[in-house]
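*Asks:* turn this into a structure:
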Amino acid sequence: MEFAKSLSGHDKNQYYFVLEKDADFYLLVNGMNRSLEKPKKKNEKHVQIIKKLPAGIEEILAVEQSNLMIKKAIKEYANEYYISVNSLKELYSKDELKALLSIENIESDGPNFDKTKA
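*Replies:* Predicted coordinates for the structure are as follows:
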């Protein structure tokens, strides 16, 4: 069970459920304009496969793979991703982490990272 993110085309940055892999192409659905009945055929070079999905999303799709459930799973994944990105932004905004990641600290830290100032 995999998701894919479109890397090019008019649907760039859109998430899809991978319905099938065929040679150099993926058949992708999102439960909305690309339904199970009319999947999008996209070159493998133009997608980024998301192999590790949160458990809740796999549970949603394990129950039923309908257009509604696929749409719900993609929405849930996008929400989880948004929360993770915001958590990382918040973490990076802390002064202690900025000090650890500063150029001066990295340059003076040594090859074994044993001289960290923070």
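
*Asks:* how close does residue 11 get to residue 40?
*Replies:* Between residue 11 and residue 40 the distance, using CB to CB, to the nearest Å, works out to 7 Å. (Each C-beta comes from the backbone N, C-alpha and C, glycine too.)

*Asks:* again, but for residue 62
*Replies:* Relative to residue 40, and taking CB to CB, residue 62 is found at 23 Å.

*Asks:* more neighbours: these two, which one.
*Replies:* Using other CB atoms under 10 Å, the more surrounded residue of residue 62 and residue 40 is residue 40, with 21 against 10.

*Asks:* residue contacts, the more buried one?
*Replies:* The contact partners of residue 40, by CB atoms under 8 Å, 6 or more residues apart in numbering, come to 11, 16, 27-29, 34.

*Asks:* so which of the residues you listed comes closest to residue 82?
*Replies:* Distances from residue 82 to those, taken as CB to CB, are shortest for residue 16 (17.4 Å).

*Asks:* which non-adjacent residue is nearest that closest one?
*Replies:* residue 28 (3.6 Å; CB to CB, 6 or more residues apart in numbering).

*Asks:* how about stretch 64-73 as CSV, C-alpha atoms only?
*Replies:* Provided in CSV are the C-alpha atoms of stretch 64-73 (Å, rounded to 0.1, in the frame of the first residue of the first chain):
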residue,chain,number,x,y,z
GLU,A,64,-12.4,-0.6,2.1
GLN,A,65,-10.8,0.8,-1.0
SER,A,66,-13.5,3.0,-2.4
ASN,A,67,-13.3,6.5,-3.8
LEU,A,68,-14.6,7.9,-0.5
MET,A,69,-12.1,6.0,1.6
ILE,A,70,-9.2,6.9,-0.7
LYS,A,71,-10.2,10.5,-0.5
LYS,A,72,-10.4,10.3,3.3
ALA,A,73,-7.0,8.5,3.6
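
*Asks:* now that stretch: how far from the chain's centre is it?
*Replies:* With CA atoms, centre = their mean, to the nearest Å as the basis, stretch 64-73 stands 18 Å off its chain's centre.

*Asks:* following the lengthiest strand in the chain, which helix or strand comes up?
*Replies:* Among the segments of the chain that qualify as a strand by DSSP state E, the longest is strand 15-22. Going down the chain from strand 15-22, the next helix or strand is strand 25-29, by DSSP states H and E.

*Asks:* this completes my enquiry, with thanks.
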